[in-house]
Structures are given as C-alpha cells and as structure tokens.
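Q: pasting the structure only:
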C-alpha cells in the first residue's frame, strides 16, 4: 500500500518570503511524485513531478520540489511567495515499479497555503 | 488544444436516484481516471480506464461504476445515491502511464 502525508493543514507566509509545503510518502517501489494546486471550485492544476533524475525538480509558476529518498520526502518550495499563490496544495504518489498501477495516484490530505500581503 | 471537459459542472440529485457524469479527455489521451473529493476523506481514487478497459479500481462500493468509449470519453455512474456521495468528482486524462494527469474542473454533486 502507498500513502502520502502532508503534516500541515495550513501554512501561513508573508508575501515575498520563501515558502515550504511539506510532503512525505510511503511506497513499496520507486516513487513517482507529483504536486498539484487547487483554487476554489476548480480542478487540480499540475505543478511538477519527479520520476527519476535530478532530485531538485522545477515546475510551473516558480515552484520547485526536492526529492529526498532517505527521508522519503518531496517538499514543495518557492523562493518568494505571491498573494496569488494562496490555494490548496496536494502531494501525490504512484508506485513507479508496479506496472499494474496505471495512473492511480494516492493523494495527501492537502495543505492550505495563505500568503498575506 | 482543449482541456479535460467534465459535464455537468453542478448537479443536485435526490437520495436513491442514480446519476451519470461525463468526462471528455484531451485529444489523443487514452487514460481516464476518476477521483472523489470530499472534505472528510480528501481525494480518493475511484477507477481508471485505458483503451476502454478498466485498469484499476479503488475501494468504493459496487454502486460506483464507469466505462470508456472508443473515443476515450468516459462516464461514471452512481446508483442508489446516498447523502455521503455528495462530493466533487474529478477526472484526469493522460496519454500513457506514469505521466502527469490533466484534471478537469470537476462535477459538484449534491445529494439531498
């Protein structure tokens, strides 16, 4: 079984400050890791993913995430937060070793990011 | 290129009724996955279809079913609706396996 934990329900940060949204995962095989953002009454928008290669992954809107295998973490970061970054963020994992997993993703509970002016 | 289209956007049904939701994937995408999002349970995987075949199924009762057509459009059906089925239902399409899924706007189902 696979699981994702997002330990913080909400993260508050001032505009212009760096932000981090935490994610840890558990999967039996190689992890495929994803970050999505959701704005009110909208679907999920893809931000970035880690499949293999460099541990630091750069994504949309200036976001990046660092894959840390030893700590089984995939934290989302941005050097300078914007008020418009305020939204709900989801981390997700898929077992990359399991060919039968298809595109089935297991999501974390989500973290609400509040960026204040 | 058009994105993933889900219809309808909003739906109100009465307990005991059934409902059918539709998802049109991005052109050329053959995989469609369905998720249920609720405040209490978060995002939960329902099922995935690939080339008209169900490839995976989540832990949901048999009242939840789906299918995929030859043009990759997918429908999900919920029979004998319960109040707890009220949720945002999201579908995601992908070209192949292990790729980032592109999500639709979702269908907000309210069961009264």
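A: It's in. In this text the structure is predicted, and so the values were computed from the model without any measurement.

Q: can we go C-alpha only for contacts and neighbour counts from here?
A: OK.

Q: Report the contact partners of residue B:74.
A: B:22, B:23, B:24, B:32, B:49, B:66, B:67, B:68 (C-alpha atoms under 8 Å, 6 or more residues apart in numbering or on different chains).

Q: Now the residues you listed in JSON lines, please, with extra columns for secondary structure, distance to chain A and pLDDT.
A: Output for these, formatted as JSON lines (DSSP: H, G, I helix; E, B strand; the rest coil; distance: C-alpha to the nearest C-alpha, whole Å; pLDDT from 0 to 100):
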{"residue": "B:22", "secondary structure": "strand", "distance to chain A": "15", "pLDDT": "98"}
{"residue": "B:23", "secondary structure": "strand", "distance to chain A": "13", "pLDDT": "97"}
{"residue": "B:24", "secondary structure": "strand", "distance to chain A": "14", "pLDDT": "97"}
{"residue": "B:32", "secondary structure": "strand", "distance to chain A": "9", "pLDDT": "94"}
{"residue": "B:49", "secondary structure": "strand", "distance to chain A": "9", "pLDDT": "93"}
{"residue": "B:66", "secondary structure": "strand", "distance to chain A": "15", "pLDDT": "97"}
{"residue": "B:67", "secondary structure": "strand", "distance to chain A": "16", "pLDDT": "97"}
{"residue": "B:68", "secondary structure": "strand", "distance to chain A": "15", "pLDDT": "97"}
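
Q: As a markdown table, those residues with neighbour count would be great.
A: Shown next, in a markdown table, are the contacts of residue B:74 (neighbours: other C-alpha atoms under 10 Å in any protein chain shown):
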| residue | neighbour count |
| --- | --- |
| B:22 | 21 |
| B:23 | 27 |
| B:24 | 23 |
| B:32 | 34 |
| B:49 | 25 |
| B:66 | 21 |
| B:67 | 19 |
| B:68 | 23 |
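
Q: Output the below-cut-off pLDDT ranges for chain B.
A: B:1, B:97-100 (pLDDT under 70).

Q: How about the residues of it by chain A?
A: B:31, B:33, B:42-45, B:47-48, B:55-56, B:90, B:94, B:97-106 (C-alpha under 8 Å from any C-alpha of the partner chain).

Q: Now with 7 Å, please.
A: B:42, B:43, B:45, B:55, B:90, B:97, B:98, B:102, B:103, B:104, B:105, B:106 (C-alpha under 7 Å from any C-alpha of the partner chain).

Q: okay but the third one is in contact with residue B:56, surely?
A: No - counting by C-alpha atoms under 7 Å, residue B:45 sits too far from residue B:56 to count as a contact (9.2 Å).
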